[in-house]
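Asker: Curious how this folds, go ahead:
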Amino acid sequence: MRETVSRGRGRWVALGIVVVVAAGAVSAWRAGVFSPAASSGAGGQGAPAPATRAVARQDIAQVTPVTATLGYAGSYTVTGHGGGTLTWLPSPGQVISQGQVLYKTDNGSPVVLLNGSVPAWRALDEGITGQDVTQLNQDLVQLGYADRADIVTLGWDYYSWETTYGVQRLEEHLGVSSPSGSLSWGQVVFKPEALRVSQVTGSLGGPASGPVLAATSDRHVATIPLSTSQESEVAVGDAVTVTLPDGAGTPGAISSVGTVASGTAGNATIPVTVTLTRPSAAGTLDQAPVTVNITTAMAHDVLVVPVAALVAEVKGEGEAAAAYVVEVVGPGNARRWVPVTVGIFDDADGMVQVTGALTPGQHVVVPGS
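Answerer: Residues are numbered from 1 along each chain as shown. All right, here's what the predicted structure looks like:
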């Protein structure tokens with residue numbers, strides 16, 4: 001091999017790029033960045049190498065950046081059912097939590113948001129039972145307006161005297177001058193979570209019936225239209241890093257992976273949702289372009305060298321796939337070629353996993369700066 005390398009020097013080129021890897025294999029080379037190797041040949045002593053880097057043993061990760069859109073999770077419509085006239089409405093961007101006023105009608109009568117998955121569909125008063133009553137009792141206990149022990153004794157799904165007392169306290173808190181302890185249809189809106197107003201569809205002086213508000217949750221998420229070819233590389237719970245529009249990075253995790261693809265053949269995608277570990281890092285950004293960095297492969301305690309240290313043999317048509325070597329510099333600037341097999345590429349740090357006759361601390365030639 002030494003003879004082949006020294007006599008056929010034109011058959012070797014230095015690999016000065018980061019290689020894009022998909023599913024553990026090199027899938028593409030970035031064109032136009034190959035440069036001649038800086039070595040004087042195999043074996044013996046030569047001129048000082050232009051630059052060297054140490055072989056290291058460490059963990060390495062392959063990270064794939066994908067484009068995503070940062071916004072808010074969920075989509076909700078708040079519909080009025082109680083009649084009357086709209087006299088107060090929130091502003092777009094306002095967050096309304098459990099027990100707070102969504103909007104007001106007539107002479108300041110509040111419509112309150114409570115947590116629940118079953119929509120309000122009737123008036124609520126003492127003596128009735130049902131899932132909507134269970135939601136109401138849970139909310140009253142969570143808000144501190146009703147006693148849990150009394151509710152448990154009387155029944156979660158029963159509108160008891162304790163429920164009446166809790167509703168009266170809620171109404172007093174909302175500014176109702178003569179709290180009745182009952183709730184007319186349209187006086188309460190059940191939604192699964194706090195709402196962030198995205199659009200006010202009703203208008204002051206207009207009817208308090210029909211669509212009044214459009215809303216989302218107050219939870220930031222990044223949505224990735226992920227190519228179906230990359231579906232096997234992600235799973236719920238995987239840690240990621242989200243690069244925000246200002247360049248700052250913030251941690252997150254994949255919270256859902258869609259199963260229904262959209263798009264055309266060869267260009268199909270599935271929706272992947274990322275939840276931010278620190279939601280406050282996104283501020284009030286909505287529909288903002290971001291980059292999600294997904295770790296698609298990882299190896300622990302392996303040999304790594306700079307990608308630029310790789311030298312690839314250029315093969316002719318019909319020949320086997322290219323092999324790779326690195327040029328090791330020893331005492332007295334003696335140099336020799338060492339064949340290596342490549343593994344995971346780390347684009348961010350410009351390192352690559354290798355296996356071969358190398359040991360940590362040896363120095364390999366890299367192109368001079």
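Asker: Figure out the helix or strand that Tyr359 lives in.
Answerer: Careful, residue 359 is Thr and not Tyr. Using DSSP states H and E, Thr359 falls within no helix or strand.
Asker: nearest spatial neighbour of it, skipping sequence neighbours?
Answerer: Val55 (6.8 Å; Cβ to Cβ, 6 or more residues apart in numbering). To be clear about C-beta, it is placed using only N, CA and C from the backbone, and glycine gets the same treatment.
Asker: Output the longest strand belonging to the protein.
Answerer: Determined from DSSP state E, the single longest strand within the chain is strand 288-306.
Asker: Please point out which parts of that strand sit buried.
Answerer: Along strand 288-306, these residues count as buried under the neighbour rule (16 or more other Cβ atoms under 10 Å): 288, 290-294, 296-297, 299, 302-306.
Asker: tell me the SS of Thr163?
Answerer: Under the three-state scheme (DSSP: H, G, I helix; E, B strand; the rest coil), Thr163 adopts helix.
Asker: quick one: low-confidence parts of the stretch 251-369 of the chain?
Answerer: 314-322, 369 (pLDDT under 70).
Asker: can you give me the strands for the stretch 101-250 of the chain?
Answerer: Assigned by DSSP state E, counting those that start in this stretch, the stretch 101-250 of the chain shows strands spanning 101-105, 109-115, 188-191, 195-200, 210-216, 220-227, 239-243, 249-257.
Asker: Ok, which of these comes nearest Thr153?
Answerer: Closest approach to Thr153 among the strands of the stretch 101-250 of the chain (Cβ to Cβ): strand 109-115, 22.1 Å.
Asker: now that closest one: mean pLDDT?
Answerer: Strand 109-115 carries an average pLDDT of 97.
Asker: What pairs with that strand, parallel or antiparallel?
Answerer: strand 101-105 (antiparallel), strand 188-191 (parallel) (DSSP bridges).
Asker: Give the buried residues for the shortest one.
Answerer: For strand 188-191, burial by neighbour count (16+ other Cβ under 10 Å) applies to Val188, Val189, Phe190, Lys191.
Asker: do the same with stretch 168-178
Answerer: Within stretch 168-178, the residues scored as buried using 16+ other Cβ under 10 Å are Gln168, Arg169, Leu170, Glu171, His173, Leu174, Val176.
Asker: Using PDB, write down the CA coordinates of that stretch.
Answerer: Taking Å, rounded to 0.1, in the frame of the first residue of the first chain, the C-alpha atoms of stretch 168-178 are listed here in PDB:
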ATOM      1  CA  GLN A 168     -71.100  31.800  45.000                       C
ATOM      2  CA  ARG A 169     -67.500  32.400  46.100                       C
ATOM      3  CA  LEU A 170     -66.400  32.200  42.500                       C
ATOM      4  CA  GLU A 171     -69.100  34.700  41.400                       C
ATOM      5  CA  GLU A 172     -68.100  37.100  44.300                       C
ATOM      6  CA  HIS A 173     -64.500  37.000  43.100                       C
ATOM      7  CA  LEU A 174     -65.600  37.800  39.600                       C
ATOM      8  CA  GLY A 175     -67.600  40.900  40.800                       C
ATOM      9  CA  VAL A 176     -71.100  39.500  40.600                       C
ATOM     10  CA  SER A 177     -73.100  41.700  43.000                       C
ATOM     11  CA  SER A 178     -75.800  39.100  43.800                       C
END
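Asker: hey, where'd the helices end up in the stretch 1-150 of the chain?
Answerer: Listed in chain order, the helices of the stretch 1-150 of the chain (DSSP state H, counting those that start in this stretch) span 2-7, 131-143, 148-154.
Asker: Could you dump those helices into a markdown table and include distance to Val311?
Answerer: Shown next, in a markdown table, are the helices of the stretch 1-150 of the chain (distance: least, Cβ to Cβ, whole Å):
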| stretch | distance to Val311 |
| --- | --- |
| helix 2-7 | 9 |
| helix 131-143 | 66 |
| helix 148-154 | 71 |
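Asker: Give me whichever of those is most buried.
Answerer: Across the helices of the stretch 1-150 of the chain, averaging neighbours per residue (mean count of other Cβ atoms under 10 Å) puts helix 131-143 on top, at a mean of 20.
Asker: pLDDT (mean, whole number) over that helix?
Answerer: 98.
Asker: same thing with stretch 77-91?
Answerer: On average, the pLDDT along stretch 77-91 is 95.
Asker: How far does it stretch from one end to the other?
Answerer: 15 Å (Cα to Cα, to the nearest Å).
Asker: So for it, what gets flagged as buried?
Answerer: Val78, Thr79, Gly80, His81, Gly82, Gly84, Leu86, Leu89, Pro90.
Asker: So for the fourth one, what's the nearest residue that isn't a sequence neighbour?
Answerer: Distance criterion Cβ to Cβ, 6+ apart; nearest residue to His81, sequence neighbours excluded, is Gly186 at 3.8 Å.
Asker: What of the last one?
Answerer: In space, Pro90 comes closest to Val197 once its chain neighbours are excluded; the distance is 5.1 Å by Cβ to Cβ, 6+ apart.
Asker: Distance of that neighbour relative to Ser117?
Answerer: 20 Å (Cβ to Cβ, to the nearest Å).
Asker: neighbour-wise, which of these two wins?
Answerer: For Val197 versus Ser117, neighbours defined as other Cβ atoms under 10 Å are more numerous around Val197 (21 against 10).
Asker: Which pLDDT value belongs to the more buried one?
Answerer: So Val197 comes in at 97 (pLDDT).
Asker: give me every residue that touches it.
Answerer: Pro90, Ser91, Pro92, Gly93, Gln94, Val95, Ile96, Leu213, Ala214, Ala215 (Cβ atoms under 8 Å, 6 or more residues apart in numbering).
Asker: Any idea what it is bridged to?
Answerer: Here Val197, judged by DSSP bridges, has bridge partners Ala215.
Asker: Would you map out the domains in this structure?
Answerer: 2-63+299-365, 65-72+220-296, 76-216 (automatic domain parsing).
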